[in-house]
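> Please find the sequence and the predicted model below.
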Amino acid sequence: MIVVCSTSEILRKEILAKAGSRVQAEYEVWEKSGQNIYATSNGRLPCKKIFFLPWGSDRSEPTALKKSLSIFVSTAIKYAEKSGYQTIGLFFL
């Protein structure tokens, strides 16, 4: 499973382009649903699922940055555990 920061437009678009049209269509359905966490199939990527998770922080404030990264990573790990995945890759900008 890979975890992608969905709030990074550049990263999200790159991952969706590499994953292919099927994943792009799945993402569009999830995006219209109003939910802020999305899980799609793998498409052409060498993983089982792609998990889109929002992340944002005031990067100029180290304490807030550390806390927001901790929340991002722990949310990803909880989802992976709940879904039975043993490995994850995190991508965010």
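That came through, no problem. Predicted, not measured: the structure shown is a model, and the values here were computed from it.
> residue contacts, the closest residue to Ile77 other than its chain neighbours?
Closest residue to Ile77 apart from its sequence neighbours, by Cβ to Cβ, 6 or more residues apart in numbering: Ile88 at 7.1 Å. Just so you know, the C-beta spots here come from the backbone N, C-alpha and C atoms, and that holds for glycine as well. By Cβ atoms under 8 Å, 6 or more residues apart in numbering, the residues touching Ile88 are Met1, Ile2, Val3, Phe51, Ala76, Ile77, Ala80.
> Just the buried residues from the residues you listed, in PyMOL please.
Per 16 or more other Cβ atoms under 10 Å, the buried members of those correspond to this PyMOL selection:
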select buried, resi 1+2+3+51+76+80
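> which two in the contacts of Ile88 are spaced the farthest apart?
Maximum pairwise distance among the contacts of Ile88 (Cβ to Cβ): 13.2 Å, between Ile2 and Ile77.
> mind listing which of the contacts of Ile88 are in helices?
Among the contacts of Ile88, the residues falling in helices (DSSP state H) are Ala76, Ile77, Ala80.
> Closest to Asn42 out of those?
Taking Cβ to Cβ as the measure, Asn42 lies nearest Ala80 of the ones in helices among the contacts of Ile88, at 14.3 Å.
> And the helices in the chain?
Taking DSSP H as the criterion, the chain carries its helices at 9-19, 21-33, 62-83.
> closest to Trp55 out of those?
The closest of these to Trp55 is helix 62-83. By Cβ to Cβ, the value is 4.5 Å.
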